[in-house]
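Student: The following block contains a protein sequence and its predicted model.
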Amino acid sequence: MLEDKQNITEYLQAYHNGDIKKGLGIGLNEIDDYAIFKYGEFNIINGLDNVGKTIVLLWWFLCLSKKHNLKWCIYSGENKSGQLMRQLIQFYTGTRLTDMKLAEVFRYEQELSQWFTFIDNTKFYKSKDLFKVFRDGKYDGVLIDPFTGLDREFTHAANYEFLNECRQFCNTSGVALYVNTHVVSAAARKIFPEGHEWAGYNYPPSKSDSEGGQPFGNRCDNFYTFHRLLGHPTLKFTSMWFTRKIKDTETGGSVNGIEEPVLLEFNNGLGFTLNGKNPLTMTVKNDLELSELSINDSFDNEIDDTPAPF
């Protein structure tokens, strides 16, 4: 079927008038310059195991929901939904769950459930099953976490079939799709070279290090890598966000330097901070009304040796 010429004409007119709609950010340039939400775009994330890919994404999704009322559907085959909701509540309130009254916990669960829906992970899904669930709901963005946890064939052709399904879903639904991927064994063996300030620690993977290789970088609109220096004395709880690809920079976002990631401090599990700024801390009043973004510079910078729940 041929493209409706009216669609092309309308785009050219909008571009000429400077009316191309930008993506949605969380209100902090530290990350908005490199990663923003865009409807109908296909996003791939990779990273080594235990670096917190799911947790970083959930925090970012929550920031977007608070600011723009976005609704998400999450399939996480490797994490219990209750654990993810606990993390969301702690991010949202800046308070540990065990320090709240049970009535408060359930109240925040109900409020966050307006933004987040979780798919039962006790079942084994084919990609087509998940896409049907995604289409049946009214979501702005959806997450498959991880791709390797699906009921699928482990072949090059099957990978391309999945990637084509992803593109078709985004093109026809207008929903943003995020897919977490694991990396190949060789990526886990790469370390920073001798003489580097992080010598001996794992090097962040590239696009082609994803299981399935470079096709995952080729077929997506945007590609992100999350990384941590596991075991580092001062940076072990600092998540690094590398933007590897932004297909459409006119609507926002850009690639950051190969060794210049966005740095997210875990802040003892109560919401990531960027240069001391936390877009979620102190934004929820006792009556659950949302206030404007206020920066909290009074958090404790002392490193907590308690293992992070990644």
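Tutor: Received the coordinates, thanks. Numbers count the residues shown, from 1 in each chain.
Student: so L264 touches L274, yeah?
Tutor: Yes: under the criterion of C-beta atoms under 8 Å, L264 makes contact with L274 at 6.2 Å. Just so you know, the C-beta spots here come from the backbone N, C-alpha and C atoms, and that holds for glycine as well.
Student: any chance you could map the strands in the stretch 101-250 of the chain?
Tutor: Counting by DSSP state E, counting those that start in this stretch, the stretch 101-250 of the chain has strands at residues 116-118, 141-145, 176-181, 222-227, 238-246.
Student: Nearest to K190 among the ones you listed would be which one?
Tutor: strand 222-227 (11.2 Å; C-beta to C-beta).
Student: what packs against the closest one?
Tutor: Where contact means 3 or more C-beta pairs under 8 Å, 6 or more residues apart in numbering; DSSP states H and E, strand 222-227 is packed against strand 42-46, strand 238-246.
Student: try 10 Å this time
Tutor: strand 42-46, helix 53-68, strand 176-181, strand 238-246 (3 or more C-beta pairs under 10 Å, 6 or more residues apart in numbering; DSSP states H and E).
Student: Just give the nearest non-adjacent residue to F116, would you?
Tutor: For F116, ignoring the flanking residues on the chain, the nearest one in space by C-beta to C-beta, 6 or more residues apart in numbering is W72 at 5.3 Å.
Student: Switch the strands of the stretch 101-250 of the chain over to a markdown table; also include mean neighbour count, distance to R107 and mean pLDDT.
Tutor: Supplementary listing: those in a markdown table, determined by neighbours: other C-beta atoms under 10 Å; distance: least, C-beta to C-beta, whole Å; pLDDT from 0 to 100:
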| stretch | mean neighbour count | distance to R107 | mean pLDDT |
| --- | --- | --- | --- |
| strand 116-118 | 19 | 15 | 97 |
| strand 141-145 | 25 | 24 | 97 |
| strand 176-181 | 24 | 28 | 97 |
| strand 222-227 | 24 | 31 | 98 |
| strand 238-246 | 21 | 29 | 97 |
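Student: got those strands as a markdown table, with distance to E259 columns?
Tutor: Below are the strands of the stretch 101-250 of the chain laid out as a markdown table (distance: least, C-beta to C-beta, whole Å):
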| stretch | distance to E259 |
| --- | --- |
| strand 116-118 | 34 |
| strand 141-145 | 27 |
| strand 176-181 | 22 |
| strand 222-227 | 11 |
| strand 238-246 | 9 |
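Student: Out of those strands, which gets nearest to G200?
Tutor: If you check each of the strands of the stretch 101-250 of the chain against G200 by C-beta to C-beta, strand 222-227 wins as the nearest, at 14.8 Å.
Student: Assign N7 to helix, strand or coil.
Tutor: Under DSSP: H, G, I helix; E, B strand; the rest coil, the three-state class of N7 is helix.
Student: Check the nearest residue to T148 once chain neighbours are set aside and give its pLDDT.
Tutor: Spatial nearest neighbour of T148, excluding adjacent residues (C-beta to C-beta, 6+ apart): H182 at 5.1 Å. Note on H182: pLDDT of 94.
Student: What count of nearby residues applies to H182?
Tutor: H182 is flanked by 21 other residues according to other C-beta atoms under 10 Å.
Student: go on, V183?
Tutor: A count of nearby residues for V183, using other C-beta under 10 Å, gives 20.
Student: wait, doesn't it sit right on F147?
Tutor: No: in this structure, V183 sits apart from F147 without contact. The criterion is C-beta atoms under 10 Å, and the distance is 11.5 Å.
Student: Need the overlap of contacts for these two.
Tutor: Jointly contacting V183 and F147 under the rule C-beta atoms under 10 Å, 6 or more residues apart in numbering are N46, S210, E211.
Student: Tell me the most packed of those residues, by neighbour count.
Tutor: Neighbour counts for the shared contacts of V183 and F147 (other C-beta under 10 Å) peak at N46, which has 33 neighbours.
Student: And it, how far from K190?
Tutor: In this structure, N46 and K190 are separated by 13 Å, where distance is defined by C-beta to C-beta, to the nearest Å.
Student: what touches both of the two?
Tutor: Common contacts of N46 and K190, defined by C-beta under 10 Å, 6+ apart, comprise V183, P204, P205, S206, D209.
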